[in-house]
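Student: from the sequence below, what's the structure:
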Amino acid sequence: MRADVTLGAVLVAAAAAVTAAESQQALPVPTRPLEWKDVNFLSTSDVHGWLLGHQHNYSGDFGSFASFATHMRSIASSKRVDLLLIDAGDHHDGSGLVSSSPTAAGDSETIFSMLPFDVLTIGNHELYHYDDALEAYRNVGRWGGRYVTSNVNISIQANDGSWQSVPIGEQYLKFKTEQGRHVTAFGVIFDCKLSWRTAGVSVQKPSKLAKEQWFINAIQEAPDYFVLAGHMPVRGETSEWTAIYDAIRAVHPYVPIYLFGGHTHVRDCIQYDDRSIGVVPGCYLETVAFTSSSLPANESDIAPLDVSRRYLDANPVTYKWHTNTSDDFDLPIGQNITKALVKLASDLDISTPLGIAPHSYFLNRHQWGHKRSVLTLFSDEVLPYTVRDKERNGTRVIIGNAGSLRFDLFQGTFDRNDELTVSPFTSAFLYVSLPAGLARNITEQMNRSGASKLVPSPSTSTSPSQLYTKAEEEARVRRLHDEWVAEQWQDYLSQSGSDGMTLSGSLDQVVFGVHDKPRTLGLVTKDKCPGRGDDIEHIPVPFTPNQPDFIESPFPDVDDGEVIDVVCMDFSLDDFLAAVNVLDPTIGLKESHMKPYAEGLQINTVFGMYAKHKWSKGL
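Tutor: Predicted coordinates for the structure are as follows:
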């Protein structure tokens, strides 16, 4: 075995050991004070309902963040500088708080709005269903006039019965900060060239928005600075800031522009010129971005601005250190939000323990087949135990879509919120009876072809580079995030090897080196801004590339000629049909040949069913 492969395996094992011990260790404490400047920002994006935080490991809940933000506003006031709170959208779809009932997302939004933001915008997950967009429109008042949807409209019925297209939120904002500075702000989402775009909701291309007369009029007056909150990255795929940025720069060459993005779930930073900065804060309330900048001394000052950004671990240890608080950290606003979250979780019945997971199972740290891979648990244990049809007692194999799992499963109490965190999707099951000799090759053929919904399909779009289904867009976000995490891990392995680390030392030396090196897993950010962005130095989270798109339950011990039930998820039906017809074109398998299997069962309930029966000991 090659030395670098051996080293990588040891590092993965050691990192897993770190993970197991993290819950028993004190969280790392920051060592560098924040760089407060004339104008400062706390930004979030892609929270996706993680308002309860990461309960199994390291983060605080939204109440903790609210206390932190309130303390930070007090610090800013005492320093006589600006502090603005920004959010770039995607509150829906994710944890049990937003995915467990039709009204859960709206109830969570009401709690979210208990913390006053200065500028918020909308995400694509708030636009998948007309009812969600309508709920956002009808309750936009909860945001105090700071919810901005510059290029998103919704069609509503007027009193006379006619339909009108109106912005969901404000088209733009003009306001004065506590320090008396004038701000012009916009909220923008990427051009949703998607086949899922629901009737009654329209999204305008940002490049067209920049040519609208109302936009041109809105930017004529020079503010002290512009704030652009947008549900799109600040560079790379689906980044469409250029037209808006150029339109502002054509009128105001030197007015500072501060951009806050999201959508791709990464942490990133870039400067378009020396009087701007664009920051993406990450996702799932794992981290919060702190951005700061000097401002021009006067109208004739055109010198480069002094800007910085910091990615903060979203936990009370970080919050308390940066606000110099301890027992006095929790404020009424945070306590009230936490109480509201606990009550909502109770009302939704997502916090009742279903079982106690004996181990942690990871989505990307191990290859499918490893005993601590959540994909292995899914294929070898959960699917065979839960996907049963009382009308079909024969032998079967179950083919699952690996993409239906979206997060790790942690050791300890497992509840409905954890279940929806692992898989919030509603895919059902179908079956067809086929010879075992054919059936045993279907999953391999599906993986050989690749998941059709991971790339644009000509069958669903007139221009594959222009139109995407909801599934394709979600897969793209996941790919970009996975590539980002994989790069962190590969860089770490390469650096470890280049430092001459060998297996001859102790495990602690191999993984951590000297004792002042990082000892906790987390994100390691490389962006395009100068200086060090990470507030805490971590070991990157291990990442295993090339996971299969499809996995299957253990194949039954039968002769090739025996006919068995072959079960697949309805989400991957196209891939299943194509694979069967490639393996045996004479079958001509069609959707009409498929029948429901375990009718009524959906993928977002199988882990809970399994936990109730297999992990109930100790409850």
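Student: so which bits of stretch 478-495 are buried?
Tutor: L480, H481, D482, W484, V485, A486, Q488, W489, Y492, L493 (16 or more other CB atoms under 10 Å). Yep, even glycine has a C-beta here, placed from its N, CA and C like the rest.
Student: quick one: which of those residues sit in helices?
Tutor: Here DSSP state H is the test, and those give L480, H481, D482, W484, V485, A486, Q488, W489, Y492, L493 as lying in helices.
Student: what sits against the fourth one?
Tutor: Residues in contact with W484, defined by CB atoms under 8 Å, 6 or more residues apart in numbering, are T264, V266.
Student: let's see that with 7 Å instead.
Tutor: Counting by CB atoms under 7 Å, 6 or more residues apart in numbering, W484 touches V266.
Student: what's the pLDDT at it?
Tutor: You'll see W484 listed with a pLDDT of 91.
Student: so which helix or strand takes in V566?
Tutor: Applying DSSP states H and E as the criterion places V566 in strand 563-569.
Student: just the angle for the helix or strand following that strand relative to strand 563-569, thanks.
Tutor: Following strand 563-569 in sequence order, the next helix or strand is helix 573-583 (DSSP H and E). For helix 573-583 against strand 563-569, the angle by axes from the mean of the first three to the mean of the last three CA atoms, to 10 degrees is 140 degrees.
Student: which secondary structure elements does helix 573-583 contact?
Tutor: Applying 3 or more CB pairs under 7 Å, 6 or more residues apart in numbering; DSSP states H and E, we find helix 573-583 packed against helix 442-449.
Student: just the residues contacting the helix it packs on, thanks.
Tutor: 399, 548-550, 552, 566, 575-576, 578-580, 582-583.
Student: check stretch 163-177 too.
Tutor: Residues contacting stretch 163-177 (CB under 7 Å, 6+ apart): 82, 119, 122, 133, 136-137, 140, 145-150, 152-158, 182-187, 202, 214, 218.
Student: could you redo the last one with a cut-off of 8 Å?
Tutor: 82, 84, 118-122, 133, 136-137, 140, 143, 145-150, 152-158, 182-187, 202, 214-215, 218, 221, 223.
Student: and these, which are buried?
Tutor: 82, 84, 118-122, 133, 136-137, 140, 143, 146-150, 152-154, 183-187, 215, 218, 223.
Student: F175 and S43, how far apart?
Tutor: 17 Å (CB to CB, to the nearest Å).
Student: and the two? which has more neighbours close in?
Tutor: S43 (26 against 16; other CB atoms under 10 Å).
Student: list the helices and strands the helix or strand encompassing that one packs on?
Tutor: Here S43 sits within strand 39-44, counting by DSSP H and E. If contacts are counted by 3 or more CB pairs under 8 Å, 6 or more residues apart in numbering; DSSP states H and E, strand 39-44 sits against helix 62-79, strand 82-87, strand 257-260, strand 276-281, strand 287-293.
Student: which helices and strands sit right next to the last one?
Tutor: Using 3+ CB pairs under 8 Å, 6+ apart as the contact criterion, the secondary-structure elements in contact with strand 287-293 are strand 39-44, strand 257-260, strand 276-281, strand 307-313.
Student: so what are the sheet partners of the second one and their directions?
Tutor: The reference is to strand 257-260. The pairing partners recorded for strand 257-260 under DSSP bridges are strand 225-231 (parallel), strand 276-281 (parallel).
Student: which residues sit against it?
Tutor: Surrounding strand 257-260, the residues in contact under the criterion CB under 8 Å, 6+ apart are 39, 41, 43, 45, 86, 88, 119, 225-230, 234, 241, 245, 248-249, 272, 275-281, 289, 291, 293.
Student: residues in contact with the residue nearest to V81 when sequence neighbours are not counted?
Tutor: The shortest distance from V81 to any non-neighbouring residue, by CB to CB, 6 or more residues apart in numbering, is to D38 (5.6 Å). Counting by CB under 8 Å, 6+ apart, D38 makes contact with V81, D82, S293, S294, L295.
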